[in-house]
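Asker: The amino acid sequence is not available; the structure is as follows:
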């Protein structure tokens with residue numbers, strides 16, 4: 001919280017602003033320091049455009065899908081997409097909002113994605129909201145030293161298949177816009193979930 005207050009003072013001095021609107025916008029960013037972030041789940045997992053469901057394995061694929069997966073693995077590519085859902089609870093008496101956010105996704109301690117979402121989010125006072133982060137990645141580009149079986153199993157594990165646990169870590173850095181300038185939250189908010 002000290003970092004937030006320090007940032008507010010620096011911004012106001014730098015911009016030479018003292019308007020109520022600016023203070024309100026800074027307050028909404030400061031509210032994120034008090035918000036409770038929880039990693040909810042991973043949903044909508046697709047591998048090569050095939051929707052994977054909970055407890056699904058390779059034996060559940062059609063012959064055509066098996067051929068498509070085999071061809072993809074031989075070519076050392078495995079595009080996967082999924083959503084990471086975070087619950088944000090705002091205990092404050094005023095909204096917590098952000099203009100955009102940077103996020104970093106890691107699977108089993110390996111950074112998979114480092115990017116920015118330009119979607120604005122506002123969590124109402126004394127309320128909560130789900131933030132959905134869409135992820136698209138080629139697992140072969142990240143897990144280059146793993147076997148093809150391990151990489152394919154990771155895709156199924158994200159959907160909820162029984163295999164080795166997967167440690168999913170998401171780091172989020174919110175931004176707000178003040179007087180046309182985007183200001184970042186001082187630190188990343190780190191969230192972890194182990195998919196069993």
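Answerer: Here it is on my side, so go on. Computed from a predicted structure; not experimentally measured. Numbers count the residues shown, from 1 in each chain.

Asker: Residue 73 contacts residue 147, doesn't it?
Answerer: No. In this structure, residue 73 is not within contact of residue 147 by C-beta atoms under 8 Å, at 9.8 Å. Quick note: C-beta positions are derived from backbone N, CA and C, even for glycine.

Asker: Tell me the secondary structure at residue 54.
Answerer: In three-state terms, and counting by DSSP: H, G, I helix; E, B strand; the rest coil, residue 54 is coil.

Asker: thinking again about what came up before, neighbour count for residue 73 and residue 147, which is higher?
Answerer: The neighbour comparison of residue 73 against residue 147 (other C-beta atoms under 10 Å) goes to residue 73, with 16 against 10.

Asker: So what does the more buried one have for phi and psi?
Answerer: Main-chain torsions, residue 73, degrees, to the nearest 10: phi -70, psi -40.

Asker: so what's the residue nearest to residue 177 when sequence neighbours are not counted up against?
Answerer: The shortest distance from residue 177 to any non-neighbouring residue, by C-beta to C-beta, 6 or more residues apart in numbering, is to residue 99 (4.3 Å). Neighbouring residues of residue 99 by C-beta atoms under 8 Å, 6 or more residues apart in numbering: 118, 120, 175-177, 182.

Asker: hmm, 10 Å instead?
Answerer: Contacts for residue 99 (C-beta atoms under 10 Å, 6 or more residues apart in numbering) come out as 25, 29, 118-121, 174-178, 182-183.

Asker: Quick check, pLDDT for the residue nearest to the spatial centre of the chain.
Answerer: With distances taken as C-alpha atoms, centre = their mean, residue 133 lies nearest the centre of the chain, 4.6 Å away. pLDDT recorded at residue 133 is 90.

Asker: ok, now how distant is the residue nearest to residue 177 from residue 122?
Answerer: Noted for residue 99: a distance of 10 Å to residue 122, by C-beta to C-beta, to the nearest Å.

Asker: repeat for residue 108
Answerer: According to C-beta to C-beta, residue 108 stands 33 Å off from residue 122.

Asker: now residue 79
Answerer: Counting by C-beta to C-beta, the gap from residue 79 to residue 122 is 32 Å.

Asker: who's more crowded, those two?
Answerer: residue 79 (16 against 12).

Asker: Dihedrals phi and psi, the more buried one?
Answerer: For residue 79, the backbone dihedrals (degrees, to the nearest 10) come out as phi -70, psi 130.
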